[in-house]
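Undergrad: 3D, please:
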Amino acid sequence: MKKSNLVLVRHGQSEWNKKNLFTGWKDPELTNQGIEEAIKAGKHLKTKNMKFDIMFTSDLLRAQETGKLILENMGQSDIPVIKNQCLNERNYGDLAGLNKDDAREKWGEEQVHVWRRSFDVPPPGGESLKDTAERVLPYFHSEIFPKVEDGLDVLIAAHGNSLRALVMELEEINSDEIVKLEIATGDPLTYEYSMGNIKRTN
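TA: Purely as a prediction, here's the structure:
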């Protein structure tokens with residue numbers, strides 16, 4: 001059976017990342033640095049001779065643009081691209097658009113830390129990481145992973161928390177540890193699938 005690859009990439013720096021704002025489902029574009037991070041990711045994957053059959057991305061511009069730049073720099077812009085809200089970033093609800101320091105002043109550092117770093121405590125009007133996983137994982141299992149099992153090489157360009165949910169599943173990380181995991185912008189995570197097993201290779 002052919003081995004297949006699954007590559008996860010968090011979007012490059014966005015305008016709101018740069019301004020230290022909670023972003024969630026808001027839709028800012030990439031900064032110049034974010035564009036460079038996406039280009040660098042594409043060039044890196046090209047050096048690995050990676051050939052993708054399909055890309056999945058979220059409904060948000062920063063992830064879509066990151067994926068587009070990656071494929072352009074790999075010379076693979078002609079592959080199918082599937083966009084779906086299930087891969088969106090965690091919804092930060094009432095925190096979206098607020099500066100993180102201002103939020104700490106309003107609600108207190110400890111409370112904001114709980115909202116950001118607990119597994120199952122959502123901010124007001126928003127999603128916890130647990131909620132995000134319950135949105136991301138069914139879509140992954142129904143629409144994405146069957147393609148990996150069929151031998152296709154798949155790229156997912158998404159967000160810190162939607163990718164955290166996937167890494168939690170793929171690497172069997174528990175809920176206490178996953179909230180500590182940092183996924184860098186524009187830094188591809190590569191998994192190899194073969195004979196029913198999937199493992200991280202970088």
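
Undergrad: buried stuff in the one helix or strand residue 64 maps to?
TA: According to DSSP states H and E, residue 64 maps onto helix 61-74. By neighbour count on 16 or more other C-beta atoms under 10 Å, the buried set for helix 61-74 is 61-71, 73-74. For glycine as for every other residue, the C-beta is placed from the backbone atoms N, C-alpha and C.

Undergrad: same question, stretch 20-40
TA: Neighbour-count burial for stretch 20-40 flags 21-26, 28, 30-31, 34-35, 37-40 (criterion: 16+ other C-beta under 10 Å).

Undergrad: list the contacts for residue 107?
TA: Contacts for residue 107 (C-beta atoms under 8 Å, 6 or more residues apart in numbering) come out as none.

Undergrad: any chance you could list what contacts the helix holding residue 64?
TA: 9-12, 14, 27-30, 34-35, 37-39, 41-43, 45-46, 50, 52, 55, 57-58, 77, 79, 81, 83, 87, 155, 157-159, 186.

Undergrad: which strands or helices does the longest helix seen in the chain pack on?
TA: In the chain, with assignment by DSSP state H, the single longest helix is helix 32-47. On a contact count with 3 or more C-beta pairs under 8 Å, 6 or more residues apart in numbering; DSSP states H and E, helix 32-47 meets strand 4-10, helix 61-74.

Undergrad: got the angle between it and helix 61-74?
TA: 40 degrees (axes from the mean of the first three to the mean of the last three C-alpha atoms, to 10 degrees).

Undergrad: I'd like the next helix or strand past helix 32-47.
TA: Next along the chain from helix 32-47, counting by DSSP H and E, comes strand 54-57.

Undergrad: where in the chain is pLDDT low?
TA: 1 (pLDDT under 70).

Undergrad: the strands in it, which residues?
TA: 4-10, 54-57, 81-83, 154-158, 189-194, 197-200 (DSSP state E).

Undergrad: contacting residues around the longest one?
TA: If I follow you right, that is strand 4-10. By C-beta under 8 Å, 6+ apart, strand 4-10 touches 38, 41, 45, 50, 52, 66-67, 70, 144, 148-160, 163, 166-167, 170, 183-194, 198.

Undergrad: just want the angle from that strand to strand 154-158.
TA: Using the same axes, to 10 degrees: strand 4-10 against strand 154-158 is 10 degrees.

Undergrad: coming back round to it: quick one, which of the contacts of helix 61-74 are buried?
TA: 9-12, 14, 28, 30, 34-35, 37-39, 41-42, 45, 50, 52, 55, 57-58, 81, 87, 155, 157-159, 186.

Undergrad: I'd say residue 183 and residue 156 touch.
TA: No: counting by C-beta atoms under 8 Å, residue 183 sits too far from residue 156 to count as a contact (11.8 Å).

Undergrad: what's the burial count for the nearest residue to residue 194 once chain neighbours are set aside?
TA: Nearest residue to residue 194, sequence neighbours excluded (C-beta to C-beta, 6 or more residues apart in numbering): residue 3, at 4.4 Å. Residue 3: 10 surrounding residues under other C-beta atoms under 10 Å.

Undergrad: correct me, but residue 3 touches residue 191?
TA: No: with contact defined as C-beta under 8 Å, residue 3 does not reach residue 191; the gap is 10.7 Å.
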